[in-house]
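# pasting the structure only:
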DNA sequence: ATCTTAATTTCGGCA
DNA sequence: TGCCGAAGTTAAGAT
């Protein structure tokens, strides 16, 4: 990875057109050919960037640029699309190169997929006597997170979110509308399950006859290791 | 901005739990207190990060870490939330500090607002004889991108997206429901216009009687410069 | 301050 | 490979 701190201006043309006036910035040239342009502020998103794979070339400044004090022009272009980034370099304050090698990558824990897995394994959390039909039940408009049957034999569609907001209720509503057209499983009722449900989402769900279920991730995780369950 | 290239391992605990095994990486400490951890690959998103404002402190490694060869531990915590990042440093290969100063910021051009402007100017793209009523037509639940009348005199509500996905159809559906309660303009039909429309969104739109219109940004942009239009 | 919507979204999973 | 949905989404604009 090559790190350059330089006074530069940038022009991007691709999915949109953008320009960065002259200022001191960090230019980060990754081993995969990508480039990121960072400033002192702003969260992790760079001011400008080019995704790999891309071509990098150095050009002599034309007269117009020389008069402005440009000492070099960098051209970075996307190989697959027409995106182009032009960087005008005025002065370089740092220029170092280090090989980082391959990264083993991030190990994550505690995302939506986990919640789904846990609830499928502990389906009785939606009500005693409930039985799992299947996870990721496919419909023409997308997969329903969990399809189950309750103690009375009624089909239940469950939408799981980490944070329950209005669009999750909308999503479940669409599924229910579709599923209820299928005579084989209708009538289907809905459960909106999340670690946290926003009041607005709760209100909308109730208004549509959808039950809400707050999931306790920690408790579910512990339960999944409950030795009793091995003999259940 | 401080740039450190170091052999390190990272543990994040916050909205999720994540771990990065030991490897050589770039640690970027911005002036606003944020930190980014980048590897040689991957697009602009860092492997791990902490958003400003945050507290930074250096800790002596405990025995368990010393045995692993840790020479220092960095603790970065979010001020507002409970998020914490622990970085174990094994070896430092670069450590430089440069002041970048304030950045003048990015100037953009060519996003969704542009599409709306172009379609309003070329409203006949939705059908010959169509006429613009107005852009950003206000309703209690938000502005409809474009309201128009077709050749038959029927009111048309248009939702514009760069990429048409399901939530855009939902949005238009809500507007149509509301607009159709207004006797002065009802009945209102809907058009979902985008540069690209996802199959599922297309399906849902058709199911709800909403037409779809693919917008050719380049063609529309060229048309808007058509010299004939100056004399039309 | 809070909520809504766009993003050069990026990223991972599955058909 | 393409499509779909989640993300520690982030970020910008409106209420």
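Sure thing, it's come through. All figures in this text were calculated on a predicted structure; none of them were measured in a lab. Residues are numbered from 1 along each chain as shown, chains lettered A, B, ... in the order given.

# only C-alpha atoms for contact and neighbour calcs from this point on.
Will do.

# in contact with the residue lying closest to residue A:132 once chain neighbours are set aside, which residues are there?
Nearest-residue entry for residue A:132: residue A:148, 4.4 Å, with adjacent residues in sequence omitted and distances by Cα to Cα, 6 or more residues apart in numbering or on different chains. When contacts are counted by Cα atoms under 8 Å, 6 or more residues apart in numbering or on different chains, residue A:148 is found next to A:130-134, A:155-158.

# so which strand or helix has residue A:148?
Per DSSP states H and E, residue A:148 falls inside strand A:142-149.

# tell me what the residue nearest to residue A:132 is bridged to.
In this structure, residue A:148 bridges to residue A:132, residue A:156 when assessed by DSSP bridges.

# before we move on, the earlier item: is the strand holding residue A:148 in proximity to DNA strand C?
No: contact of strand A:142-149 with DNA strand C is not found when judged by Cα under 7 Å from any atom of the strand; the minimum separation is 9.5 Å.

# which positions within that strand qualify as buried?
The neighbour-count criterion (16 or more other Cα atoms under 10 Å in any protein chain shown) identifies A:144-149 as the buried residues of strand A:142-149.

# take those residues and write them to JSON lines, including pLDDT.
Shown next, in JSON lines, are the buried residues of strand A:142-149 (pLDDT from 0 to 100):
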{"residue": "A:144", "pLDDT": "91"}
{"residue": "A:145", "pLDDT": "92"}
{"residue": "A:146", "pLDDT": "93"}
{"residue": "A:147", "pLDDT": "94"}
{"residue": "A:148", "pLDDT": "95"}
{"residue": "A:149", "pLDDT": "95"}
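
# what is the nearest of the residues you listed to chain B?
The shortest approach to chain B among those belongs to residue A:144, at 14.2 Å (Cα to the nearest Cα).

# how close does that closest one sit to residue A:158?
Distance of residue A:144 to residue A:158, computed by Cα to Cα, to the nearest Å: 7 Å.

# need the residues touching each of those two.
Jointly contacting residue A:144 and residue A:158 under the rule Cα under 8 Å, 6+ apart are residue A:172.

# what's the helix or strand for the closest residue to residue A:22 other than its chain neighbours?
Leaving aside its chain neighbours, residue A:22 sits nearest to residue A:9 (4.3 Å; criterion: Cα to Cα, 6+ apart). Taking DSSP H and E as the definition, one finds residue A:9 inside strand A:2-13.

# same thing with residue A:93?
Residue-wise, residue A:93 maps onto strand A:84-97 under DSSP H and E.

# identify each buried residue in that strand, please.
Across strand A:84-97, burial judged by 16+ other Cα under 10 Å covers A:84-90.

# need these in a markdown table with pLDDT, can you?
Below are the buried residues of strand A:84-97 laid out as a markdown table (pLDDT from 0 to 100):
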| residue | pLDDT |
| --- | --- |
| A:84 | 92 |
| A:85 | 95 |
| A:86 | 95 |
| A:87 | 97 |
| A:88 | 96 |
| A:89 | 97 |
| A:90 | 97 |
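
# same list, the residues you listed, but as JSON lines with distance to chain B please.
JSON lines is the format used below for those (distance: Cα to the nearest Cα, whole Å):
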{"residue": "A:84", "distance to chain B": "15"}
{"residue": "A:85", "distance to chain B": "14"}
{"residue": "A:86", "distance to chain B": "14"}
{"residue": "A:87", "distance to chain B": "14"}
{"residue": "A:88", "distance to chain B": "15"}
{"residue": "A:89", "distance to chain B": "15"}
{"residue": "A:90", "distance to chain B": "14"}
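
# mind putting those residues in TSV, distance to residue A:117 included?
Converted to TSV, the buried residues of strand A:84-97 look like this (distance: Cα to Cα, whole Å):
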residue	distance to residue A:117
A:84	43
A:85	44
A:86	47
A:87	48
A:88	51
A:89	52
A:90	54
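
# what about the longest helix in chain A?
Among the elements of chain A assigned as helix by DSSP state H, the one spanning the most residues is helix A:166-179.

# mind listing the strands for chain A?
Under the criterion DSSP state E, strands of chain A are mapped to A:2-13, A:17-29, A:35-38, A:48-50, A:54-59, A:72-78, A:84-97, A:107-109, A:131-139, A:142-149, A:155-164, A:188-197, A:211-214.

# what sits up against the first one?
Think strand A:2-13. Among residues not part of strand A:2-13, those counted as contacts by Cα under 8 Å, 6+ apart are A:17-31, A:48, A:83-98.

# close to DNA strand D: what parts of chain A are there?
By Cα under 7 Å from any atom of the strand, the part of chain A that sits against DNA strand D consists of A:42-45, A:111-113, A:141-143, A:161-162.

# buried set for stretch A:124-134?
In terms of neighbour count (16+ other Cα under 10 Å), stretch A:124-134 has its buried residues at A:124, A:126, A:130-132.

# near DNA strand C at all, that stretch?
No: applying Cα under 7 Å from any atom of the strand, one finds stretch A:124-134 separated from DNA strand C by no less than 11.7 Å.

# so how far is that stretch from its chain's centroid?
Average the C-alpha atoms of stretch A:124-134, do the same for its chain, and the two points are 30 Å apart (Cα atoms, centre = their mean, to the nearest Å).

# ok, now stretch A:195-207?
Using Cα atoms, centre = their mean, we find the averaged C-alpha position of stretch A:195-207 to lie 23 Å away from the chain's own average C-alpha position.

# what's the answer for stretch A:186-203, then?
Stretch A:186-203 sits 22 Å away from the centroid of its parent chain (Cα atoms, centre = their mean).

# tell me what the nearest residue to residue A:210 once chain neighbours are set aside is bridged to.
If you skip the residues right next to it in sequence, residue A:210 has residue A:190 as its closest partner in space, 5.0 Å away by Cα to Cα, 6+ apart. Beta-bridge partners recorded for residue A:190 (DSSP bridges): residue A:157.

# residue A:190 is in contact with residue A:174, isn't it?
No: distance between residue A:190 and residue A:174: 10.6 Å, which falls outside the contact criterion (Cα atoms under 8 Å).

# the more surrounded of those two?
When residue A:190 and residue A:174 are compared on other Cα atoms under 10 Å in any protein chain shown, the one with more neighbours turns out to be residue A:190, at 22 against 15.

# dump the residue contacts of that one.
Here residue A:190 is in contact with A:156-159, A:172-173, A:176, A:209-211 (Cα under 8 Å, 6+ apart).

# do you know how far the residue nearest to residue A:210 is from residue A:218?
Distance of residue A:190 to residue A:218, computed by Cα to Cα: 24 Å.

# show me the domain layout of chain A.
A:2-97, A:110-224 (automatic domain parsing).

# identify whichever of those lies nearest to residue B:182.
domain A:110-224 (23.4 Å; Cα to Cα).

# and that closest one, end to end?
For domain A:110-224, the separation between the terminal residues is 14 Å (Cα to Cα).

# with stretch A:39-59 instead?
Distance between the boundary residues of stretch A:39-59 (Cα to Cα) amounts to 24 Å.

# mean confidence (pLDDT) on stretch A:3-15, please.
Looking at stretch A:3-15 alone, the average pLDDT works out to 93.

# in it, what counts as buried?
By neighbour count on 16+ other Cα under 10 Å, the buried set for stretch A:3-15 is A:3-13.
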